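A.B. asks: Take this sequence and fold it.
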Amino acid sequence: RLRAKEDGKGLEPDPDSKLEEPLIVRPTSETMIWYMFKNWIKSHRDLPLKVNQWANVVRWELRTRPFLRSAEFLWQEGHTAHATKDDAIATSREMLDVYEDVARSLLAIPVIKGAKSENERFAGADDTYTIEAMMQNGWALQSGTSHFLGQNFAKAFDVMYSTDKDEAERELVWATSWGVSTRLLGALIMTHSDDNGLVLPPKVAPTQVVLIPIVKASGGEEVVDFVNEIANQLKQAGIRVKVDDRPGMRPGAKYYHWERRGVPFRMEVGARDLKKGSAFCARRHDGSKIPLQILNEDGSWKSDVATQVQQELDNIQSALLESATKRREERTYRVSSYEEMKQKLENEDYGFFLVPWAANNENEDKIKADCRATIRCYPFENQAESEGKTCFYSGQPATHMAIFARAY
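C.D. replies: This is a model prediction of the structure:
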């Protein structure tokens with residue numbers, strides 16, 4: 001907190017506002033973590049040392065975007081120290097695989113794993129690995145990074161350990177850091193949602209199924225009881241369910257309410273449905289509707305009601321991933337020249353441009369200045385394709401296969 005100076009000329013820190021413990025405002029925590037690593041690491045017995053934390057960090061952003069770029073955000077960050085280079089590299093690659101699995105398996109977002117170019121690499125890292133997602137408009141979104149830091153921070157903070165061969169022999173540790181943030185929420189919204197609101201993958205939806213009893217002003221107790229029993233069976237199977245029995249609200253208004261919130265599966269039951277022993281269901285991601293049989297012909301409850309609903313949720317999860325994957329494949333272009341890529345970008349035909357590239361920082365900067373496209377990564381799975389090819393920009397022998405794209 002600041003206060004006015006006694007002479008009225010300017011401001012000064014208020015001594016009464018001093019914190020009991022220091023608060024470190026930071027963009028990332030390497031400097032803070034490595035200050036502590038120096039105290040914690042003395043011997044090979046202390047390694048590997050792995051720290052994971054959730055923390056708020058602060059960035060200087062000229063133009064903010066909700067969820068994507070903000071002055072302050074919550075993120076998960078990990079920091080590790082290792083005795084060997086190979087162990088550190090393996091850990092950084094392992095965490096990239098973890099992030100890829102979270103994006104694909106939980107968020108239904110297909111991502112491309114790769115290494116950053118020297119220009120895009122994290123300052124202080126020997127290598128930066130990334131997962132890159134494509135949004136619905138064809139722009140890229142960096143969705144998580146893992147850094148192999150080499151011995152750079154160990155040198156800066158003099159973090160050494162005594163080896164297992166000779167206690168008097170001391171060596172610098174090898175390091176990694178990695179993180180994902182609430183930017184993944186932005187990725188989730190921009191990958192799946194539509195003009196009607198959120199579309200949420202069932203695995204991360206707070207409410208997976210909403211049940212809506214359709215009753216008249218009076219009566220309808222049997223319908224409500226039927227809906228509540230369906231909800232109980234689904235809850236017992238571990239499905240996250242909400243019964244919307246709010247009075248004085250038309251069914252259409254309830255549908256709209258839950259549609260905007262992205263609930264994956266809606267089940268409606270009215271008097272006619274009750275007579276049939278069924279529910280009328282709607283899938284949020286594509287708007288398709290189906291009847292779902294709840295009772296057997298003799299009026300007894302079917303034993304697989306929860307199984308049927310869980311299968312619907314699994315199918316929705318798969319359909320969202322398939323749709324996003326298909327969109328990315330359709331908008332991944334292999335162009336033969338820089339001019340071809342530039343023309344597509346000028347026509348707002350955005351996407352991923354997979355091209356042979358001769359690594360050159362100056363040329364990379366020229367492309368960014370000319371058409372605002374950047375190298376998102378050198379995709380791991382495509383690197384063998386660069387052999388024998390020439391760079392799409394300079395005509396020099398290609399050193400990598402690179403993905404260029406406009407990015408958030």
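
A.B. asks: How about the longest helix belonging to the chain, which residues are buried there?
C.D. replies: Looking across the chain with DSSP state H, the single longest helix is helix 305-330. Buried residues in helix 305-330, counted by 16 or more other Cβ atoms under 10 Å: 305-306, 309-310, 312-313, 316-317, 319-321, 323-324, 327-328. Heads up, the C-betas are built off the backbone N, CA and C, glycines and all.

A.B. asks: Equivalent analysis for stretch 206-214, please.
C.D. replies: Buried residues in stretch 206-214, counted by 16+ other Cβ under 10 Å: 207-214.

A.B. asks: among these, which two are most distant?
C.D. replies: Farthest apart among those by Cβ to Cβ are 208 and 214. That separation is 20.5 Å.

A.B. asks: and the closest residue to residue 71 other than its chain neighbours, what pLDDT?
C.D. replies: Sequence neighbours aside, residue 61 is the residue nearest to residue 71 in space, at 5.6 Å (criterion: Cβ to Cβ, 6 or more residues apart in numbering). Listed pLDDT for residue 61 reads 87.

A.B. asks: Specify the local secondary structure of residue 61.
C.D. replies: coil (DSSP: H, G, I helix; E, B strand; the rest coil).

A.B. asks: before we move on, back to that, so which of the buried residues of stretch 206-214 is the closest to residue 50?
C.D. replies: Residue 50 lies nearest to residue 208 out of these, by Cβ to Cβ, at 33.5 Å.

A.B. asks: I'd like the mean pLDDT over stretch 203-220, please.
C.D. replies: Averaged across stretch 203-220, the pLDDT comes to 91.

A.B. asks: which other residues reach stretch 322-333?
C.D. replies: With contacts defined as Cβ atoms under 8 Å, 6 or more residues apart in numbering, stretch 322-333 is touched by 108-110, 134, 136, 138, 191-192, 285, 341, 344, 350-354.

A.B. asks: cutoff 7 Å now
C.D. replies: Stretch 322-333 is contacted by residues 108-110, 134, 136, 138, 191, 344, 351-354 when judged by Cβ atoms under 7 Å, 6 or more residues apart in numbering.

A.B. asks: now stretch 301-321
C.D. replies: Identification of contacts with stretch 301-321 by Cβ under 7 Å, 6+ apart yields 104, 108, 110, 192, 201-203, 208-209, 230, 233-234, 237, 239, 264-265, 283, 285, 292-296.

A.B. asks: Find the residue closest to residue 173 in space, skipping its chain neighbours.
C.D. replies: Leaving aside its chain neighbours, residue 173 sits nearest to residue 81 (4.3 Å; criterion: Cβ to Cβ, 6+ apart).

A.B. asks: Quick check: the one you found vs residue 342, distance?
C.D. replies: Residue 81 sits 44 Å away from residue 342 when distances are taken as Cβ to Cβ, to the nearest Å.

A.B. asks: Comparing these two, which residue is more hemmed in?
C.D. replies: Legend: neighbour count by other Cβ atoms under 10 Å for residue 81 and residue 342, higher for residue 81 (28 against 16).

A.B. asks: can you tell me the helix or strand for that one?
C.D. replies: For residue 81, the element it lies in under DSSP states H and E is strand 72-82.

A.B. asks: what's the answer for residue 99, then?
C.D. replies: For residue 99, the host element (DSSP H and E) is helix 85-101.

A.B. asks: Of all residues in this protein, which one is nearest the centre?
C.D. replies: Closest to where the C-alpha atoms of the chain average out (Cα atoms, centre = their mean) is residue 184, at 3.0 Å.

A.B. asks: Can you tell me, leaving aside adjacent residues, what's nearest to that residue?
C.D. replies: Per Cβ to Cβ, 6+ apart, closest to residue 184 is residue 143, 6.2 Å.

A.B. asks: Is the one you found part of a helix or strand, or is it coil?
C.D. replies: Classification of residue 143 using three-state DSSP returns strand.

A.B. asks: ok, how many other residues are close to it?
C.D. replies: When neighbours are counted by other Cβ under 10 Å, residue 143 registers 25.

A.B. asks: Correct me if wrong: residue 40 contacts residue 46.
C.D. replies: Yes: judged on Cβ atoms under 7 Å, residue 40 makes contact with residue 46 at a distance of 6.5 Å.
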